[in-house]
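Peer 1: Return atomic coordinates for the entry below.
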Amino acid sequence: MVQTILIYSMGEVIGDGLIKLPFIAGLRAAFPQARITWCAAKGETVYAGPLKGVVAGYVDEILTDGPTGDAPLDVLPWVKPFGGRTFDLVIDTQENLRRSLVARRAVANGGSFVSAAAQARKPGWPAAVVERLARLLALATDGTGAPRPLTLTDPAAADAARALLPTARLGGPVYVGLAPGAGGQDKRWPLERYLELARCIEASGRKAVFFFGPDEAADAQAAREAVPEALFPEKDRTDGFPQVKGPMLAIALAGRLTAAVANDAGPGHMLAAGGAPLLSLQKTHRKAVKFRPAARRLELLVAEDYGQDMAALPLDVVEAALQRLIAGAS
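Peer 2: Numbering: from 1, shown residues only. Below you'll find the model as predicted:
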């Protein structure tokens, strides 16, 4: 029986951390009683920072101190990585063989070791990060485990989402999320197209729900002026749960959406992690393959198929893909 688990990674910035959330949810579902320790070998992970509340109840401990395999000499036999601790199951998510040897030393007698470093050298190792994590989870569970949407364990998160996006009555509107932002301007489908899409959503009797980051106030104001009937639940707080905010709120709200549209950026991964069927707008096929969101249902459109930049993606093509996504949710 697996009672202790070590997940070995080099660390996570916000994008990495969001992509891995469905893997974490699937791991907890496969081992509901196990104590799960997450090792960030380089010492930093958003699971100890911005996403700490998101992974509460899924990850029991963050391990960053002591020899963790990051230093070249950690592989020496007299070094005791992880403080000499051992675990019933070790899942090594990184692909460096030297570090993998260190991680393997944390396996208890009779325990199991699943290594991305070993799998990456076999034919058929997938390019997509989400598929690699799914493969590791399947190997660790004899094929029974799989990534799944993450349900926040803080009950206030669900309460806040219900208050901000109430359940539609019979015949009422359904919610369609729109996340126009991205870290780089070259990854953004033009805001004007998102606004046109929002008008189409409203005209169809559905409700457009905008998601903007803290540095996108100007874009949010432009959206308010262009589509005043749309909703901005992260900004227009009418609930009594102000402590639920940031990624936790976005992930909670995702569970209330019938579908969502987002660029290749953090908000899209948040909506995917929360369970929203997602239309992901990508710039290139290379990025679309490797960093595909782990949505439970996914439509992908790649601007490279239509031209040189994100503006080449036609509105009618995006709208048609969104309609397919919505129809599949009915």
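
Peer 1: only C-alpha atoms for contact and neighbour calcs from this point on.
Peer 2: Noted.

Peer 1: how distant is stretch 5-22 from the center of its chain?
Peer 2: Relative to the chain's own centre, stretch 5-22 is displaced by 10 Å; criterion: Cα atoms, centre = their mean, to the nearest Å.

Peer 1: Let's verify the closest residue in space to residue 231 that isn't next to it in sequence: helix, strand, or coil?
Peer 2: Of all residues not flanking residue 231 in the chain, residue 209 sits nearest, at 4.7 Å (Cα to Cα, 6 or more residues apart in numbering). Here residue 209 is strand, with the state taken from DSSP: H, G, I helix; E, B strand; the rest coil.

Peer 1: Residue 209 contacts residue 178, doesn't it?
Peer 2: Yes. Counting by Cα atoms under 8 Å, residue 209 touches residue 178, with 6.0 Å between them.

Peer 1: where do the contact lists of those two overlap?
Peer 2: Residues touching both residue 209 and residue 178 (Cα atoms under 8 Å, 6 or more residues apart in numbering): none.

Peer 1: all strands for the stretch 51-200 of the chain, in order.
Peer 2: For the stretch 51-200 of the chain, the strands defined by DSSP state E, counting those that start in this stretch cover 61-63, 87-92, 107-115, 175-179.

Peer 1: now those in TSV, with mean neighbour count, mean pLDDT and distance to residue 257?
Peer 2: Shown next, in TSV, are the strands of the stretch 51-200 of the chain (neighbours: other Cα atoms under 10 Å; pLDDT from 0 to 100; distance: least, Cα to Cα, whole Å):
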stretch	mean neighbour count	mean pLDDT	distance to residue 257
strand 61-63	18	96	31
strand 87-92	24	98	33
strand 107-115	17	97	35
strand 175-179	26	97	5
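
Peer 1: Contact partners for residue 132?
Peer 2: Contacts of residue 132 (Cα under 8 Å, 6+ apart): 116, 125, 126.

Peer 1: Ok, residue 264 next?
Peer 2: 182, 187, 188, 280, 281, 282, 283, 288.

Peer 1: and what of residue 30?
Peer 2: 141, 144, 145.

Peer 1: Phi first, then psi, for it.
Peer 2: phi -70, psi -30 (degrees, to the nearest 10).

Peer 1: Would you check how far apart it and residue 164 are?
Peer 2: Computed with Cα to Cα, to the nearest Å, the distance linking residue 30 and residue 164 is 32 Å.

Peer 1: quick one on the thing from earlier: let me know the closest of the contacts of residue 30 to residue 18.
Peer 2: Taking Cα to Cα as the measure, residue 18 lies nearest residue 145 of the contacts of residue 30, at 19.1 Å.

Peer 1: thought that closest one was touching residue 27?
Peer 2: Yes. With contact defined as Cα under 8 Å, residue 145 counts as touching residue 27 (7.0 Å).

Peer 1: Residue 276 is nearest to which of the strands of the stretch 51-200 of the chain?
Peer 2: Shortest distance between residue 276 and those, using Cα to Cα, is found for strand 175-179: 8.6 Å.

Peer 1: What segments of this structure are helices?
Peer 2: Along the chain, counting by DSSP state H, helices occupy 14-19, 21-30, 97-104, 116-119, 129-140, 155-164, 191-203, 217-226, 246-254, 266-273, 285-290, 315-329.
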